[in-house]
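K.L.:
for reference, the sequence and a predicted model appear below.
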Amino acid sequence: SLGKWCGTTKPPNYNLAGGFTVKLHTDPYVHKSGFMLDFECEKGTQAPPTTRAPRTPVPPTPKPPTPSPPTPSPPTPSPPTPTPPTPAPPTPVPGAEYLTLQNDGGRTVAGGAFGFLSDGYVSTYPAETDVAVTLEGNCELRWTSFDVEASNNCQYDWVVVTSSGSSQKYCGSTLPPTATYTGSVTVALHSDEAVQGSGFDLEFTCREAPPTPSPPTPSPPTPSP
C-alpha cells in the first residue's frame, strides 16, 4: 500500500510498474465531491482486476426518536360551591303598616304612625292604587313627610282626608296642616298608572270620643187629688 488519503490534499504523482489499484471507501454519513485521476500506462501485461466480494451495506444507526411532550390531561373541574338562594322580599300589604296602640294616662287611645310609602324595596308607592285607613275617635293628624304626584286640582294622584262629611284633597310636596278631627277620620291614597312619588308618613293620636248624653226621660205627671 502506498498510502491512504482523505480531506482536500492531493496525493503525490507515482510511476508504478506492474499495475496499481485505487480504492474508494465511504461510510453511511458525510459525503464529498470525490476525486479525478489521470493516468498513462505502457503496454504490458495488465493485471487482472481484483474481484471483490459484494459488500454488505451497514445500516445507518438510527437516531433515537425525539420524545413527544406528554399531552396534558384537562383539569378536573371542581364542583361549584352552591350559592344559598337569596330570599325574596316579602310582599307588601299597603295600608296602615305601622299602626300601633298605646295608653295615655289610663284612657284608651289609638296612637302611632302609618304611611302609604314604597314597599321598602322601591322608591315610590305603587301605581294604580286605592287604599284607605279609617281612625275612630277624636284624632289629631301630624304629617311628617309628603310626596304625591303634583297636578292641577290633584287630578292624577292624591290623598284625601274625610271627616264629618267633608273632604280635603292634597298632592305635591307641601305637608298638609296638622289638624284634629272629631268622631272618625279616613285617609285615602289614589294613584294612576303613570308618575308616582315617594308617598307620605303620618303620625296620629286618637282619644275616645265622649259619650253622647241621652236625653232625659220625662216623668209622667202626678195626678192632683
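P.N.:
Thanks, I have the structure now. In this text, all values refer to a predicted model and were calculated from it rather than measured experimentally.
K.L.:
strands of the chain, start to end?
P.N.:
With DSSP state E, the ranges of strands along the chain come out as 99-104, 107-116, 130-136, 138-147, 158-163, 166-170, 179-181, 184-190, 199-207.
K.L.:
I'd say F20 and Y14 touch.
P.N.:
Yes: in this structure F20 lies within contact range of Y14 using C-beta atoms under 8 Å: 7.4 Å. Bear in mind the C-beta positions are built from the backbone N, C-alpha and C, glycine included.
K.L.:
picking up where we left off before, can I get the strands of the chain in TSV with mean pLDDT?
P.N.:
Formatted as TSV, the strands of the chain follow (pLDDT from 0 to 100):
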stretch	mean pLDDT
strand 99-104	34
strand 107-116	50
strand 130-136	84
strand 138-147	88
strand 158-163	94
strand 166-170	95
strand 179-181	93
strand 184-190	88
strand 199-207	83
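K.L.:
in a markdown table: these, plus distance to H31 and mean neighbour count.
P.N.:
Shown next, in a markdown table, are those (distance: least, C-beta to C-beta, whole Å; neighbours: other C-beta atoms under 10 Å):
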| stretch | distance to H31 | mean neighbour count |
| --- | --- | --- |
| strand 99-104 | 109 | 11 |
| strand 107-116 | 103 | 17 |
| strand 130-136 | 105 | 15 |
| strand 138-147 | 100 | 18 |
| strand 158-163 | 108 | 19 |
| strand 166-170 | 111 | 13 |
| strand 179-181 | 119 | 16 |
| strand 184-190 | 105 | 20 |
| strand 199-207 | 100 | 20 |
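K.L.:
which one of these lies closest to P69?
P.N.:
When the strands of the chain are compared by C-beta to C-beta, strand 199-207 sits nearest P69, at 69.3 Å.
K.L.:
run through the protein and note the low-pLDDT ranges.
P.N.:
18, 43-55, 57-58, 84-123, 209-216, 219, 223-225 (pLDDT under 70).
K.L.:
rerun that using 80 as the cut-off
P.N.:
1-2, 5, 14-20, 22, 24, 27-33, 35, 37-125, 208-225 (pLDDT under 80).
K.L.:
how far away is T71 from P77?
P.N.:
Distance, T71 to P77, using C-beta to C-beta, to the nearest Å: 18 Å.
K.L.:
contacts only, for P64.
P.N.:
Contacts for P64 (C-beta atoms under 8 Å, 6 or more residues apart in numbering) come out as none.
K.L.:
likewise for S164?
P.N.:
For S164, the contacting residues are 181-183, by C-beta under 8 Å, 6+ apart.
K.L.:
hang on, the earlier thing: would TSV of the strands of the chain with distance to D38 be doable?
P.N.:
Shown next, in TSV, are the strands of the chain (distance: least, C-beta to C-beta, whole Å):
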stretch	distance to D38
strand 99-104	131
strand 107-116	124
strand 130-136	126
strand 138-147	120
strand 158-163	128
strand 166-170	130
strand 179-181	139
strand 184-190	126
strand 199-207	121
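K.L.:
closest one to P67 among those?
P.N.:
When these are compared by C-beta to C-beta, strand 199-207 sits nearest P67, at 76.5 Å.
K.L.:
list the helices and strands that closest one packs on?
P.N.:
Counting contacts by 3 or more C-beta pairs under 8 Å, 6 or more residues apart in numbering; DSSP states H and E, strand 199-207 is packed against strand 107-116, strand 130-136, strand 138-147, strand 184-190.
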